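**Q** I'd like to go over a predicted model; first the sequence, then the structure.
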Amino acid sequence: MKIIFATGNRHKLNEIREIMDGCGFDIVTSKDEGIAADPEENGETFEENALIKARAVYDLSDGKAVVMADDSGLCIDALGGEPGIFSARFMGHDTGYDIKNAEILRRMEDVPEERRSARFVCAVAAVLPSGREVTVCEAMEGRIAHSIAGGNGFGYDPVFYLPEFGRTSAEISEHSKNLISHRGKAIRHMLAVLSEYCALDPQQKHSAALNGCHEDTYRK
C-alpha cells in the first residue's frame, strides 16, 4: 500500500522515512506524485491544519493511496503557548531558524528554570482511500535551553533541551530523537490506528492490513 505524505520539507521527510522504515508501506511525497497543493493553513489547532493539508493532497490524488500530513510546532508555556501553530510562520516563513531561535532565547532571557517548560507537538492526519479521516496527536516534553546548541535536527531543535539526555534535541542522534520525538510518536500511533481499523493484529504488516480491509470499515 502506498502512502503519499504531504510535505515538501526535506528534513521532515528524512525523519518520516526513518520512523516508518520497515512498516511495509511505499512512502512517497506529494511532490513525487506531481501534486502541487499549497492550501491555506487557517485551522485553530495542529489537528485541523494537518487535515487541511491531507485533504488538499487527497483531492488531487487518484484516491487509491492513503494520504498523510502532519502539522507540528513548539509550544512554550511562559510565552502563552507561542509560537504554537504559527511555529513555521513565526517571524515570517522566509526567516531563518537561526534568527527565530535567537528571538526565542531573547524573549526567554529572564525566565527562571522552573518556568522554561515547553513541548513539541505533532498532529498527523490521514485520509484513507474511502475518504475516511483520522487524526492523532502526540508531544515531546522538554525545556527551553539558555543557548543554541547542536547541529543535528532542524527548526527549533537547537533550543529545545531534553532533561533526560542533558542536551538539546539537536545534540542527540537522529535515531535517538525519532524514538522519543513528537513526530515519531504520532506516526507510530497513526500506524497502530490504521491497523485497528482493519481489526487485525497490529504486528502484521500495515500494507497487508489495509489491503485486507473492506471499504465499509472506513465509511463515516
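**A** Looks like it arrived, so ask away. Numbering: from 1, shown residues only.
**Q** Can you pull out the low-pLDDT segments for the chain?
**A** Within the chain, the segments meeting pLDDT under 70 span 197-220.
**Q** rerun that using 90 as the cut-off
**A** 1-3, 7-29, 31-34, 36, 38, 93, 130, 153, 174, 191-220 (pLDDT under 90).
**Q** measure the residue of it most remote from its centre to H146 for me?
**A** Relative to the C-alpha centroid of the chain, counting by Cα atoms, centre = their mean, D110 is the outermost residue, at 30.2 Å. Look at D110 and H146: by Cβ to Cβ, to the nearest Å, they are 11 Å apart. Just so you know, the C-beta spots here come from the backbone N, C-alpha and C atoms, and that holds for glycine as well.
**Q** same question, A126
**A** 38 Å.
**Q** looking at this, the residue farthest from the centre of the chain is in a helix?
**A** No: using DSSP: H, G, I helix; E, B strand; the rest coil, the assignment for D110 is coil, not a helix.
**Q** can I assume G155 is in contact with G96?
**A** No: the criterion here is Cβ atoms under 8 Å, and G155 misses it with G96 at 10.7 Å.
**Q** now the helices for the chain?
**A** Listed in chain order, the helices of the chain (DSSP state H) span residues 10-19, 46-60, 97-107, 174-180, 182-197, 206-211.
**Q** contact partners of the fourth one?
**A** The contact list for helix 174-180 (Cβ atoms under 8 Å, 6 or more residues apart in numbering) reads 14-15, 18-19, 140, 152-153, 157, 162, 165, 169, 184.
**Q** just to revisit the earlier point, who's more crowded, G155 and G96?
**A** G155 (21 against 10; other Cβ atoms under 10 Å).
**Q** ok, the nearest residue to the more buried one once chain neighbours are set aside to G153 distance?
**A** Among residues not flanking G155 along the chain, Y97 sits closest, at 5.6 Å (Cβ to Cβ, 6 or more residues apart in numbering). Per Cβ to Cβ, Y97 is found 10 Å from G153.
**Q** Likewise for P112?
**A** Applying Cβ to Cβ to P112 and G153 gives a distance of 26 Å.
**Q** between those two, which one's more packed in?
**A** G153 (20 against 8).
**Q** mind checking how far that one is from E41?
**A** Distance of G153 to E41, computed by Cβ to Cβ: 22 Å.
**Q** What is the burial count for S147?
**A** For S147, the neighbour count with other Cβ under 10 Å is 10.
**Q** correct me, but it touches L105?
**A** Yes: if you go by Cβ under 8 Å, S147 and L105 touch, sitting 7.0 Å apart.
**Q** rewinding a little: and the residue nearest to G155, how many neighbours?
**A** Neighbour tally, Y97, other Cβ under 10 Å: 18.
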